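Asker: output the structure for:
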Amino acid sequence: MGKLALAAKVTHVPSMYLSELPGKHHGCREAAIQGHREIGQRCRDLDVDTIVVLDVHWLVNAGYHVNANARFAGRYTSNELPHFIKDMDYAYGGNPELGRRIAECANAAGVGTRTHEIDSLELEYGTLVPMRYMNGDGRFNVVSVAAWCAWHGLDESRRFGAALRQAIEASDNRVAVLASGSLSHRFNDNNSPEAAMHQISREFHRQVDLRVVDLWRQGDWKTFCAMLPEYAELCVGEGGMHDTAMLLGLLGWDAYDKPVEIVTDYFTSSGTGQINAIFPVPD
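Answerer: This next block holds a predicted model:
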């Protein structure tokens, strides 16, 4: 019987890769990188074999989609921000069987889902950035789920998350699930000064983000789930915050009652609000 061993909400800001490189931004995202490495170590300590990433950089317009390739390898340059991420090499194993099971469970729950094993279906940086720091040795197999769901309802993504939990428990795997996306996600306007890379775009968004982090620390998921649709809309949640809806569906939605563990404190990046936080898995 499979087990959900770890669940987390994680950042994937491309300035993490920039932070590695020589130059004036070297080290600027070291705290976020170390947070990813800590989560990766927790996965090792828990004998995780597969990481499922709910990736808000994978845009889909209809249905739910799972990239279940047996292997991922290549050299990635972001078409969104090629001056931040370019020529980033990666190589990870996949888990086609788990990917297929996720689609089967979701479809059985009435959530139309397709799984894909297409060599040319590449990973997006919402998956690649966390895997770079958590999975640099390729220890974990990877399954990527599209979570930029442009025309979907958050409640449907909640149901997808519940089906994902069923699929994990029906498998033979020990699995970590990462909701890879930001809190508020209103980028700075074009032609903003370079220093704005470390600032928030709207003070209102920072204040709502901080209140959300307080709710998470308190384990007040009834309040957060009730406000999630408006939060995603008013604070321009990344990918509509479908990754977060999936994660909470996985954990029990508003019946979930565990306070999060903050691994990387809230920080701002290119106008957006970011965090690394572990969501304790209920017994």
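
Asker: which elements pack onto the helix or strand of the chain with the lowest mean pLDDT?
Answerer: When each helix and strand of the chain is scored by mean pLDDT, DSSP states H and E, helix 15-20 comes last, with a mean of 89. Other helices and strands packing on helix 15-20, by 3 or more C-beta pairs under 8 Å, 6 or more residues apart in numbering; DSSP states H and E, are helix 30-45, helix 125-134. All C-beta atoms are positioned from the backbone trio N, CA, C, and that covers glycine.

Asker: just the mean pLDDT for the longest one, thanks.
Answerer: Okay, so that is helix 30-45. Per-residue pLDDT values over helix 30-45 give a mean of 98.

Asker: same question for the shortest one.
Answerer: This predicted structure assigns helix 125-134 an average pLDDT of 98.

Asker: could you check the angle it makes with helix 30-45?
Answerer: Orientation of helix 125-134 against helix 30-45 (axes from the mean of the first three to the mean of the last three C-alpha atoms, to 10 degrees) gives an angle of 70 degrees.

Asker: output helix 125-134 as PDB, nothing but the C-alphas.
Answerer: Provided in PDB are the C-alpha atoms of helix 125-134 (Å, rounded to 0.1, in the frame of the first residue of the first chain):
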ATOM      1  CA  TYR A 125      10.300  25.300 -14.700                       C
ATOM      2  CA  GLY A 126       7.700  25.000 -11.900                       C
ATOM      3  CA  THR A 127       8.900  21.400 -11.800                       C
ATOM      4  CA  LEU A 128      12.500  21.800 -12.800                       C
ATOM      5  CA  VAL A 129      13.500  24.500 -10.300                       C
ATOM      6  CA  PRO A 130      12.400  22.600  -7.200                       C
ATOM      7  CA  MET A 131      13.900  19.300  -8.600                       C
ATOM      8  CA  ARG A 132      17.200  21.000  -9.200                       C
ATOM      9  CA  TYR A 133      17.700  21.600  -5.500                       C
ATOM     10  CA  MET A 134      15.700  18.700  -4.000                       C
END
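
Asker: check which element follows that helix along the chain.
Answerer: strand 141-149 (DSSP states H and E).

Asker: quick one, that following strand and helix 125-134 angle?
Answerer: Here the directions of strand 141-149 and helix 125-134 differ by 140 degrees (the same axes, to 10 degrees).
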